[in-house]
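**Q** A structural model of the following input is requested.
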Amino acid sequence: MLKYVVMWKFKEDSELEKAYASDKNKSNFINKSEDIKADIKKTLKTRLEALVGVIPELISLKVIELPLQTSTHDVALICEVKSEKDLEGYAKDKRHTEIIESCIKPYLTERCCLDYIE
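**A** Next comes the predicted model:
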């Protein structure tokens, strides 16, 4: 099995608040950075974890939304697929890329990734 781990940091508070405020889908604007981060994490968890069983290549997927204070990043994704080919299929799937464009790129930065075979 191939494990795929990705971690992100949130953008700086002022940049994050500006991006969140400009999102036309946010009908109830939240103006505190911590509340915005919690909302984004919840949305990421709900939308990404819902892809299991929908994208055939995905065996499992978990979003880590409450890292310990000692962590260097704010949110992480851990998923499992059978092969590098399956990882490529998941990465290019339009349901996955739509989440990247709408929920990750506007708010998160400093992406780091680790793929490994277990």
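
**Q** make it CA atoms for all contacts and neighbour counts henceforth
**A** Noted.

**Q** isn't Cys113 up against Lys3?
**A** No. The pair Cys113 and Lys3 does not pass the contact test of C-alpha atoms under 8 Å, sitting 10.5 Å apart.

**Q** and those two? Which one has more around it.
**A** Neighbours of Cys113 and Lys3, each counted by other C-alpha atoms under 10 Å, are more numerous for Lys3; the result is 20 against 12.

**Q** in the helix or strand of the chain with the lowest mean pLDDT, what's buried?
**A** One helix or strand of the chain scores below all others by mean pLDDT, DSSP states H and E: helix 13-22, with a mean of 84. By neighbour count on 16 or more other C-alpha atoms under 10 Å, the buried set for helix 13-22 is 16-17, 20-21.

**Q** what of stretch 48-57?
**A** Buried residues in stretch 48-57, counting neighbours by 16+ other C-alpha under 10 Å, are found at 48-49, 51-52, 55, 57.

**Q** that one - what's its average pLDDT?
**A** The predicted model assigns stretch 48-57 a mean pLDDT of 98.

**Q** I'd like the numbering to begin with 51 instead of 1 from here.
**A** With the count now opening at 51, the last piece we talked about shows up as stretch 98-107.

**Q** ok, residues contacting it?
**A** The set of residues external to stretch 98-107 that reach it, using C-alpha atoms under 8 Å, 6 or more residues apart in numbering, is 108-113, 131-132, 136-137, 139-140, 143, 145-146, 149.

**Q** what is the most widely separated pair among those?
**A** Using C-alpha to C-alpha, the pair of the contacts of stretch 98-107 lying farthest apart is Lys132 and Ile149, separated by 22.0 Å.

**Q** that older thread, keep only those of the contacts of stretch 98-107 that are in helices.
**A** Secondary-structure check on the contacts of stretch 98-107 using DSSP state H: residues within helices are 136-137, 139-140, 145-146, 149.

**Q** that's all I had, so thanks and see you.
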